[in-house]
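In: Okay, here's the prediction I keep looking at, along with the sequence it came from:
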Amino acid sequence: MSRLYVVVEGQTEEAFVRELLVPHYARLGRYLTPIIVSTSPGYKGGVVSYAKVKPQIVRLCRQDAEAWVTTLFDLYALPTDFPGKAAPAYPAQASGSTKAQYLEAQLLQDIAEPNFLPNLLVHEYEALLLTQPAQFEQWTSNAKVPATLAQAVAQAGSPEDVNDSPHTAPSKRILAVMPEYQKTFHGPLIACDIGLDALRQACPHFHAWLLAVEALP
């Protein structure tokens, strides 16, 4: 199967897939199409309720059984009805990657479609941007932004290990030092400036997802 639908949370992730992943994988003969989840009639974006998202994923899987369907959702702030989120076995104190792997396995089981590949970003999209904090320099007049973000990554160990507290999640850290940060504008541009190779090297869970994509038949 050379077609892959990527179900994303919003416009930022859609642009990221379209501008960075689509050209790369087209050269490899794999064609990706980003699709933003619908939250209510006329509105798109955000995984506010798994009950609203599941039918969309299942429908995509069944509409085109010759294609694959995958997800690009943030681990951070997933709704409580997400498969496994409220389970006693959920490893709440474990690393972000461990939590994501657990929830991905639960999601795979719940969707139960043979052409589905679950994926969560650890902990959220902005973690990818922390791969190279220096790339923020051209978008802000505050010279402290790159150094502050680099310090957060150094303390955590890697971009994907920057935690998911409501005050210290990657997006919250960025906004704290760069209030002018606009997710839909800056997010895709900075990711493109960083480049796919650097993102994969710094973010092993993200890299593992792309390896899985590349291994699909």
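Out: Cool, got the structure.

In: immediately after the helix or strand bottoming out on mean pLDDT in the chain, which helix or strand?
Out: Lowest by mean pLDDT, DSSP states H and E among the helices and strands of the chain is strand 43-44, with a mean of 58. Next in sequence after strand 43-44, counting helices and strands by DSSP states H and E, comes helix 50-63.

In: Check which helix or strand the residue nearest to A87 when sequence neighbours are not counted maps to.
Out: Closest residue to A87 apart from its sequence neighbours, by Cβ to Cβ, 6 or more residues apart in numbering: Q106 at 7.3 Å. Any C-beta I mention is one placed from the backbone N, CA and C, and that applies to glycine too. Applying DSSP H and E as the criterion places Q106 in helix 96-111.

In: what angle separates that helix from helix 50-63?
Out: Helix 96-111 and helix 50-63 meet at an angle of 60 degrees, taking axes from the mean of the first three to the mean of the last three Cα atoms, to 10 degrees as the criterion.

In: Same question for helix 96-111: list its buried residues.
Out: G96, S97, K99, A100, Q101, Y102, L103, E104, Q106, L107, D110, I111 (16 or more other Cβ atoms under 10 Å).

In: can you pull the contacts of the last one?
Out: Contact analysis of I111 by Cβ atoms under 8 Å, 6 or more residues apart in numbering lists K54, I57, V58, C61, P118.

In: gap between it and Y76?
Out: According to Cβ to Cβ, to the nearest Å, I111 and Y76 sit 21 Å apart.

In: The second one too?
Out: With the distance defined as Cβ to Cβ, S97 ends up 13 Å from Y76.

In: tally of neighbours for the residue lying closest to V162 once chain neighbours are set aside?
Out: In space, and not counting its chain neighbours, V162 is closest to A156: 4.5 Å by Cβ to Cβ, 6+ apart. Look at A156: counted by other Cβ atoms under 10 Å, it has 17 neighbours.

In: would you list every one of the helices in the chain?
Out: Remark: helices assigned in the chain by DSSP state H are 11-16, 22-26, 50-63, 96-111, 125-129, 144-156, 170-177, 183-194, 196-202, 204-215.

In: Quickly compare those and say which is most buried.
Out: Among the helices of the chain, helix 125-129 has the highest mean neighbour count (mean count of other Cβ atoms under 10 Å), at a mean of 27.

In: same for that helix, what does it pack against?
Out: helix 11-16, helix 170-177, helix 183-194 (3 or more Cβ pairs under 8 Å, 6 or more residues apart in numbering; DSSP states H and E).

In: In this structure S171 contacts E124, no?
Out: Yes. If you go by Cβ atoms under 8 Å, S171 and E124 touch, sitting 6.0 Å apart.

In: Next, format the contacts of I111 as JSON lines and append pLDDT.
Out: Below are these laid out as JSON lines (pLDDT from 0 to 100):
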{"residue": "K54", "pLDDT": "97"}
{"residue": "I57", "pLDDT": "98"}
{"residue": "V58", "pLDDT": "98"}
{"residue": "C61", "pLDDT": "98"}
{"residue": "P118", "pLDDT": "98"}
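
In: right, and the pair among the residues you listed with maximum separation?
Out: Across the contacts of I111, no pair lies farther apart than V58 and P118, at 12.7 Å, counting by Cβ to Cβ.

In: any weak-confidence spans in this structure?
Out: The chain contains residues with pLDDT under 70 at 1, 40-45, 164.

In: Next, name the residue at the spatial heart of it.
Out: Compute the mean C-alpha point of the chain, and by Cα atoms, centre = their mean the closest residue is L121, 3.6 Å away.
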